[in-house]
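> structure for the following, please:
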Amino acid sequence: MTFEEQIRTNSKRFQLLMKQLSDTEWSETALADAKSRLSACVREIHASQMKIKSCQIAADKQHQRFVGIKKIGVRYIWYKVRRRYGQLVDEQAKAWLREFRKCQDEQQRLTALKEEIVVAQKNLHHCQQNYEQYTQTRQELNELLDQLFSLTEPPHPYEDALKQDIKKKQEYLLILQGNSRIFRHVFHILTKAQRAILIAQQAIAGALNMNTLNKFSRYIFGRTIINSYLFKAKDASTQLQELLNEVKGIRSELSLLSHVYIQNDDVILNTLFNNLCKNKLDESSNDVASLHTMLFTALSQIKEQMERCEVERNQTIKDVNRLTKIHFVLRCAIVISTIESSSADLWS
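Here you go, the predicted structure:
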């Protein structure tokens, strides 16, 4: 069956799907607007409830002042003697009424917002239903178009070239997505490694701060503190060793990471603290500081590569979506043109 014959056979189904797609296409943008409006309503209701709460507290405090003034006591007698009692009562009553009215106004606004959120929820539900129908119709139409354009000899070379271009972009996108995941994983490992090296630095610095090491070594308390620092540094170095080995294992799978440790493959803290003694503390501290600098450089490099990869990935996603829309519109235009040509041939 030729391309034109397939289109004539499926023309009614194609036109029905196109009508359904046209009727529900508005939901694609309306759904995002409906979600945004509902979120705004929720935020406004929360803000209104907090405002009502603060207004109620202010009104209660003002009412307590008003009641306190009316109680007979020293203040009552004082204001009575000065003939300011009536004025003060009026002022406190007006202040309380102002706070009370603020609370009432905000409660009315909250009632209106609750009605608005009900409307927003109904609108969102309506948009979701239409969007589900739109996506289903779009999928069915794509399947029909794939069937119509699945001939060995492509009926339109430009359409086939565009399809191949989309396929290449999608394959490249998969590579970028994989690289992005690896970069994020390596970045996470190096961040943990940096924390481990900081712990080792702090532990060695703690031992170095005990400048009276020979004097303290005579006492069990002093030796206990020193050993505690050194064991902490050794634990951190062991964790660092494991993390660097994990990064090396990933590096062999991704050539972009091969240069990160290329000059420092032997700078590992596997024996740094095994036979650590007092005269080696300064040397160990320098080694750890050097490794920390290397880790900071590697972390910066990985972060830069990760960000570049994610920018390229996001741009490729946009390119794939743009080309996919162009491809869809082109296919539909080809089918519509073929249907119109067939109808013209029948009438001629």
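> in terms of helices and strands, where is Glu242?
In the assignment (DSSP states H and E), Glu242 maps to helix 220-251.
> what segments of this protein are helices?
3-9, 11-24, 27-70, 74-81, 85-148, 157-208, 213-216, 220-251, 281-347 (DSSP state H).
> just send the ones you listed back as a markdown table, with mean neighbour count and mean pLDDT too.
No exception for glycine: its C-beta is placed from N, CA and C like everyone else's. Compiled in a markdown table, the helices of the chain are given as follows (neighbours: other CB atoms under 10 Å; pLDDT from 0 to 100):
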| stretch | mean neighbour count | mean pLDDT |
| --- | --- | --- |
| helix 3-9 | 16 | 82 |
| helix 11-24 | 15 | 92 |
| helix 27-70 | 15 | 84 |
| helix 74-81 | 12 | 52 |
| helix 85-148 | 15 | 86 |
| helix 157-208 | 16 | 84 |
| helix 213-216 | 13 | 49 |
| helix 220-251 | 16 | 68 |
| helix 281-347 | 15 | 82 |
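> domains in this structure, as residue ranges please.
3-7+24-148, 178-316 (automatic domain parsing).
> what distance separates the start and the end of the last one?
The first and last residues of domain 178-316 sit 13 Å apart, counting by CA to CA, to the nearest Å.
> same check, this time on the first one
From the first residue to the last, domain 3-7+24-148 extends over 7 Å; the measure is CA to CA.
> how about Phe149, phi and psi?
Dihedral pair for Phe149: phi -100, psi 20, per degrees, to the nearest 10.
> now Trp26
Backbone torsions of Trp26, given as degrees, to the nearest 10, read phi -60, psi -30.
> give me the neighbour count for it.
Trp26 has 13 neighbours, counted by other CB atoms under 10 Å.
> so what's it closest to, chain neighbours aside?
Distance criterion CB to CB, 6 or more residues apart in numbering; nearest residue to Trp26, sequence neighbours excluded, is Asn130 at 7.5 Å.
> so who does the one you found touch?
Counting by CB atoms under 8 Å, 6 or more residues apart in numbering, Asn130 touches 24, 26-27, 30.
> same deal with Phe183?
Counting by CB under 8 Å, 6+ apart, Phe183 touches 302, 305-306, 309.
> in TSV: those residues, plus distance to Ile199.
Listed next are those as TSV, based on distance: CB to CB, whole Å:
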residue	distance to Ile199
Ile302	21
Gln305	26
Met306	25
Cys309	30
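> can you tell me which of these lies nearest to Tyr158?
Checking the contacts of Phe183 against Tyr158 by CB to CB gives Cys309 as the nearest, at 31.8 Å.
> that closest one contacts Gln177, doesn't it?
No - Cys309 lies out of contact with Gln177 (CB atoms under 8 Å); the separation is 9.2 Å.
> sorry, back to before: and the two most separated of the contacts of Asn130?
Thr24 and Ala30 (9.9 Å).
> which neighbours do those two share?
Residues touching both Thr24 and Ala30 by CB under 8 Å, 6+ apart: 130-131.
> show me what contacts Cys55?
Contacts of Cys55 (CB under 8 Å, 6+ apart): 99, 102-103, 106.
> identify the residue nearest it in space, chain neighbours excluded?
Cys55's closest residue in space is Cys103 (CB to CB, 6+ apart), at 4.0 Å.
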